[in-house]
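In: Output the structure for:
(one chain, ligands or ions: 2)
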Amino acid sequence: MSRTEDGKSKPAGRRAPATAEAEKSLTGIPVSAGIAIGAIFAASEPKLEFKRGRIRADAAEAELTRLDGAVQTSRRQLGKLRARLSVLPEDSQHEIAPLIDAYLQMLGPSRLLRAARRRICDTHVTAETAVMDEVEALAEAIIGVPDDAARPRKMEADDNDSRQRRADEIRETGRRLLRNLTEAAFRSFAAVPQGAILVAETLRPADAALIDPARIAGLAAEEGGTDGHTAIMLRALGVPAVLGVQGLLNLARTGTIAVLDGASGRITFNPSAPTLAEAKQAVAGYARERQRLARFRRLRSETTDHEPVELQGNLELLAELPLIAQSGASGIGLFRTEFLFMNRDTLPDEAAQAETYRTVVEAMDGDTVTIRVLDWGGEKDIDALVARGLVPDTLDHNPALGVRGLRLLLRQPDLFETQLAAILRASRAGPVRVLLPMVTNTGEVRAAREIYERVARRLRRRGDKFSDPLPPLGIMIETPGAALAADALALEVDFFAIGTNDLAMYTLAVDRAATEVADLYDPLHPAVLRLIQFTTEAALRMRKPVSVCGEMAANPRFTPLLLGLGLRSFSMSAAAVPRVKQAVRAVSIDACVRFSRRVMEQSDADRIQALVKEFSG
Ligand code: PEP
Ligand code: MG
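Out: Ligands and ions are numbered 1, 2, ... in the order given. The predicted structure follows:
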C-alpha cells in the first residue's frame, strides 16, 4: 500500500543543502484532507506497569481464563503482524518472520505458559505475577547457563549472543502478555507540543476522541483504513491525517520537521525549501477553498429542478456541535453515542446521559437529532464495559460477527433501558429519533420496541414528561442481511439510516479499518450499490424515511448517484456539508436518474468508478 521514495530525484538547483538531512517521503492511505507542517511527535505506548498480587484459591480458575484471553489476544496481534510482513522489503521479512514465529511458539503449548499456569494454581498469584515471574526465571536460566571451559572462544561468544536473543524473545512475549492482561492504560496526548504532527503505530477510535484539533497539526499512523472509526473521527475533527503508512516509525523521529498531505496521503520528512514553499501555498489554497464553500451555508439545499435534499450532521463528540451548527446542516442524522462511554472508568448513568443528549437537542434548536443507541463492538472497544464484564469474550471468534450493537443491548437490558430512558428525557427539549445499530432481523426490532415501550411506561409512572407520541424508532441498514430484508424490516420500523461503512465491509468481507485490504474496500462495488438500491426502493414503497449516514454521504462525487437512486437525505461530518450542498445544487434529479441507471447496468466496479469520476468532472 505504501511505498518509500527515498532519494527521489529533484530538479537541478532545487536540492537541499549538503549539510541538511535528505528529504524522504512515505505514502499511506489519505483519510482526512488538509496540509500539516510541523515537528513530528512520536507517541509511544503508555508505560507498562503492574502490581504483584495474590489471589484467593477459589479464584484460580478465573485467573486462568484471564491468562487464556491474553494469550489469544497476543496470538491474534502477532498473526496480524505476520500477515502484514508481505508489504516489507524481502530482507526485512526474512529478519522479522522468524522472530514473530518464535513469539507465536511461546504462546502455544510452551514451557512458559505451562509453568505460568502452574504458578497461578499452586502459589495463588495473579496472572500478571505468574507470567512475569516465570519470564524472569526462564530468561535467567537461559542466560545463566555456565560457560563450557573446553569450548573455543568464538563458539562461546556466538552461544552467548544466541542465549541473550532467546532471553529477549521470552521477555518480549512476557511484555505483550502483560499489556494484554492489564489492558494498558488510556493514552494521553497531554505532552504533545502545540502544532506537532502526531505519529503512532496505531490509534484506536478512543484515542482519536482524545485529540485536540487546535493542538495537533496532523496525524499519521502505521495502521488503519479509509472508513474505520479512527479515520471518521479525524475527518470529523478536521485533522489532516494519513493512515496505513508502512515503515512510518522507522523514519519518523520526534522533532523532525515534516509536511503531511492528508489528500494525497504523502508525508515528507526534512522537507527541502521548495517542498516547504509548495506546502505553504497548499495551506493558503485550503483556506481560500474553505472561504468559498462557506457561502453555501446560507444557500438552500436543492437541485437545479428545486427538489429539496436534507443534509444533516454526524456527531461523535460534543466539541463538534458548533461546527455542525455553523455548517448549515439541518439537524443531526447520526449521533454516535459510543464516544460517551469511552475513555472513562465508569459508565455514564441515566442523568449524565440525559444531560448530554439534552445539550445536543437544545443546540439544534428545533431540528431533529437522531440518537443512535450504543454500538459496541468491532473496533469500538469500550474499556468500562469490558471492566464490568458486560461484554462477551470475543477472543475466540470474529468480533465483527459476534455480539455487536443491538445484539449486546438486548443481552444487557439494563444498559439499553438506561440509555433509552435518558433519550426519552432529552426528548422534552426538542425532536429526537432513536436509531438501533446492527440489526439483522425483525425479531430484534420487535424485542427492542417492547423494551422501548416498557421504559416509556416506567418513566410515565415515575412522572417524567417526554414527547408523546414516542420519538420514532428506526434502524441502521448496515448488513447485507438487513438490506435484503428491508421490505420486511420496513413494516416494523419508523425509518431507515443506511450505514454504508459497515454495509461495504460486510458485503465485501473487507475490514474497513484494515490497512492490508484497504484497496478492496469499495462502496462503489456493484454489490453494495444494489443493496443500497434495494433498501431505498423498499423504504420508498412503504413510505418510510430513508437516509444515508455512512461516509458515502460525505463524498460529493457520490451525491448524483445516490440522488438518482431515490435518496433525499444524507448525514455527514460537518466539514462535508458545504461540499455536498454544492454537488446537490449542481444537478437535476432527471440527470441523476439517467446517470444512476447507467451505473446500475454495470457489473464492474472499475467501470463504475470511471463513470462516477466522469460525471463529477
Ligand atoms: C456505518 O456503518 O456506515 C455507520 C454510519 O455506522 P458506524 O460508522 O458508526 O459503524
Ligand atoms: Mg456501522
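In: ok so Arg461 is a helix residue?
Out: Yes: the assignment for Arg461 is a helix, going by DSSP: H, G, I helix; E, B strand; the rest coil.
In: Would you mind pulling up the elements that the lengthiest strand in the chain packs against?
Out: Assignment by DSSP state E gives strand 35-42 as the longest strand of the chain. Applying 3 or more C-beta pairs under 8 Å, 6 or more residues apart in numbering; DSSP states H and E, one finds that strand 35-42 contacts strand 196-200, strand 216-221, strand 257-261, helix 273-294. Every residue, glycine included, has its C-beta placed from N, CA and C.
In: Report the buried residues of the second one.
Out: Read that as strand 216-221. Ile216, Ala217, Gly218, Leu219, Ala220, Ala221 (16 or more other C-beta atoms under 10 Å).
In: Looking at that strand now, give me its mean pLDDT.
Out: Strand 216-221 carries an average pLDDT of 96.
In: Likewise for the longest one?
Out: When pLDDT is averaged along helix 273-294, the result is 94.
In: Now do the helix or strand that that helix is followed by: which elements does it pack against?
Out: Sequence order places strand 310-315 as the next helix or strand after helix 273-294, per DSSP states H and E. Applying 3+ C-beta pairs under 8 Å, 6+ apart, one finds that strand 310-315 contacts helix 321-327, strand 332-336, strand 569-572, helix 577-585.
In: Please name whichever of those is nearest to ligand 2.
Out: Ranking the helices and strands packed on strand 310-315 by their distance to ligand 2 (criterion: C-beta to the ion) puts strand 332-336 first, at 8.7 Å.
In: Check the buried residues of strand 216-221 one by one and keep those near ligand 1.
Out: When C-beta under 6 Å from any ligand atom is applied, no member of the buried residues of strand 216-221 is adjacent to ligand 1.
In: tell me the contacts of the closest residue to ligand 1 within the stretch 301-450 of the chain?
Out: For the stretch 301-450 of the chain and ligand 1, the shortest gap (C-beta to the nearest ligand atom) falls at Arg336, measuring 5.1 Å. Taking C-beta atoms under 8 Å, 6 or more residues apart in numbering, we find Arg336 in contact with Asn314, Leu315, Glu316, Arg372, Asp375.
In: List the strands paired with the longest strand of the chain, with their directions.
Out: Its sheet considered, strand 35-42 pairs with strand 196-200 (parallel), strand 257-261 (antiparallel) by DSSP bridges.
In: Which one of these lies nearest to ligand 1?
Out: strand 196-200 (21.2 Å).
In: That closest one vs strand 216-221, what angle?
Out: If you take axes from the mean of the first three to the mean of the last three C-alpha atoms, to 10 degrees, strand 196-200 sits at 20 degrees to strand 216-221.
In: averaged over its residues, what pLDDT does strand 196-200 have?
Out: pLDDT averaged over strand 196-200 gives 94.
In: Angles on the backbone of Thr268, please.
Out: Backbone torsions of Thr268, given as degrees, to the nearest 10, read phi -120, psi 120.
In: go on, Gly328?
Out: Dihedral angles for Gly328 - degrees, to the nearest 10 - are phi 90, psi 10.
In: Looks to me like Ala231 is in a helix.
Out: Yes: when three-state DSSP is applied, Ala231 is found to be in a helix.
In: Can you get me a residue count around it?
Out: 28 (other C-beta atoms under 10 Å).
In: Which residue, other than its chain neighbours, is closest to it?
Out: Val31 (4.0 Å; C-beta to C-beta, 6 or more residues apart in numbering).
In: Name the helix or strand for the one you found, please.
Out: Using DSSP H and E, Val31 maps to strand 29-32.
In: Residues touching the one helix or strand Gln72 maps to, excluding its own?
Out: Using DSSP H and E, Gln72 falls within helix 60-84. Outside helix 60-84, the residues that touch it by C-beta under 8 Å, 6+ apart are 55, 97, 100-101, 103-104, 107, 113, 116-117, 120-121, 124, 126-127, 130-131, 173, 176-177, 180-181, 246, 393, 395-396, 515-516.
In: what is the mean pLDDT for it?
Out: Mean predicted confidence for helix 60-84 is 83.
In: Relative to the whole chain's centre, how far out is that helix?
Out: 22 Å (C-alpha atoms, centre = their mean, to the nearest Å).
In: Could you pull out the buried residues of that helix?
Out: Buried-residue list, helix 60-84, by 16+ other C-beta under 10 Å: 60, 63-64, 66-75, 78, 82, 84.
In: can you list the weak-confidence ranges in the stretch 251-400 of the chain?
Out: 393-397 (pLDDT under 70).
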